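1. Sequence and predicted structure, then a few things I'm wondering about:
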Amino acid sequence: DAGVTQSPTHLIKTRGQQVTLRCSPISGHKSVSWYQQVLGQGPQFIFQYYEKEERGRGNFPDRFSARQFPNYSSELNVNALLLGDSALYLCASSLRTYEQYFGPGTRLTVT
Amino acid sequence: GQQVMQIPQYQHVQEGEDFTTYCNSSTTLSNIQWYKQRPGGHPVFLIQLVKSGEVKKQKRLTFQFGEAKKNSSLHITATQTTDVGTYFCAGDGDSGAGSYQLTFGKGTKLSVIP
């Protein structure tokens, strides 16, 4: 079975631009979570969606938004990009409970 | 908000030596999870601990959850070069039914000298 997939792999944007990151969960997984990982730090929770509903939101500004589609794939949108948004963005899916399967991530660079 | 602290930040060991990383939460956790991230890779789930005082073993890895459910440890016996990577603990403070809002520690980066 395919694991969690994310696109694009790498992305370079300039300050003020908007970006959309995509995630496809493992087949059958209904929960998708998004994390931001800055170099040298642990992943920081941004959002969790389950059955297309937002179940959790981390301490991120309103510039960050997400949604989950009927096929359980998900998008993370970030508006008005700042230099500090440069990070690895990880998507994780889970069947219902705790074990989270992470995708390879999208490396976002804001210049 | 919930904070999860992990020490040490870095650990260099000779192959064959033991390794331990410690994790402490500012609040009581409903469960704690451990992940391993290889250089350039993504976090991979290792284990979840739920019960107070729980101890679980996976081959050379031993995981413990404290009695107060606020601290945990991961111990690796006789490290091998394949153990290289960053080990993260992640706490779930039980933010609500069906929600798994994990708070990760900063990780312990393990280097193994052959």
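-> In hand now; what should we look at?
2. What is the least confident helix or strand in chain B?
-> Lowest mean confidence among the helices and strands of chain B (mean pLDDT, DSSP states H and E): strand B:102-104, at a mean of 91.
3. for chain A, same thing?
-> strand A:53-57 (a mean of 90).
4. list the buried ones in the helix or strand harbouring B:Leu74?
-> In the assignment (DSSP states H and E), B:Leu74 maps to strand B:71-76. Across strand B:71-76, burial judged by 16 or more other Cβ atoms under 10 Å in any protein chain shown covers B:71-74, B:76. (Glycine included, C-beta is placed from N, CA and C.)
5. What is the burial count for the residue in chain B that chain A sits nearest to?
-> Chain B approaches chain A most closely through B:Phe104 (3.3 Å), counting by Cβ to the nearest Cβ. B:Phe104 has 22 neighbours, counted by other Cβ atoms under 10 Å in any protein chain shown.
6. Check A:Asn59 too.
-> 8.
7. Okay, strands next: where are they in chain A?
-> For chain A, applying DSSP state E gives strands covering A:5-7, A:10-13, A:19-24, A:31-37, A:44-50, A:53-57, A:64-68, A:74-78, A:87-94, A:101-102, A:106-110.
8. what's the shortest one packed up against?
-> When you say that, I think you mean strand A:101-102. Applying 3 or more Cβ pairs under 8 Å, 6 or more residues apart in numbering or on different chains; DSSP states H and E, one finds that strand A:101-102 contacts strand A:87-94.
9. Let's see the strand it packs on as PDB, backbone CA atoms only.
-> Backbone C-alpha positions of strand A:87-94 (Å, rounded to 0.1, in the frame of the first residue of the first chain) are rendered in PDB as follows:
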ATOM      1  CA  ALA A  87      10.000  25.100   7.200                       C
ATOM      2  CA  LEU A  88       9.200  21.500   6.500                       C
ATOM      3  CA  TYR A  89       5.500  21.000   6.400                       C
ATOM      4  CA  LEU A  90       4.500  17.400   7.400                       C
ATOM      5  CA  CYS A  91       1.200  15.700   6.800                       C
ATOM      6  CA  ALA A  92       0.200  12.700   8.900                       C
ATOM      7  CA  SER A  93      -2.700  10.400   8.500                       C
ATOM      8  CA  SER A  94      -4.200   7.900  11.000                       C
END
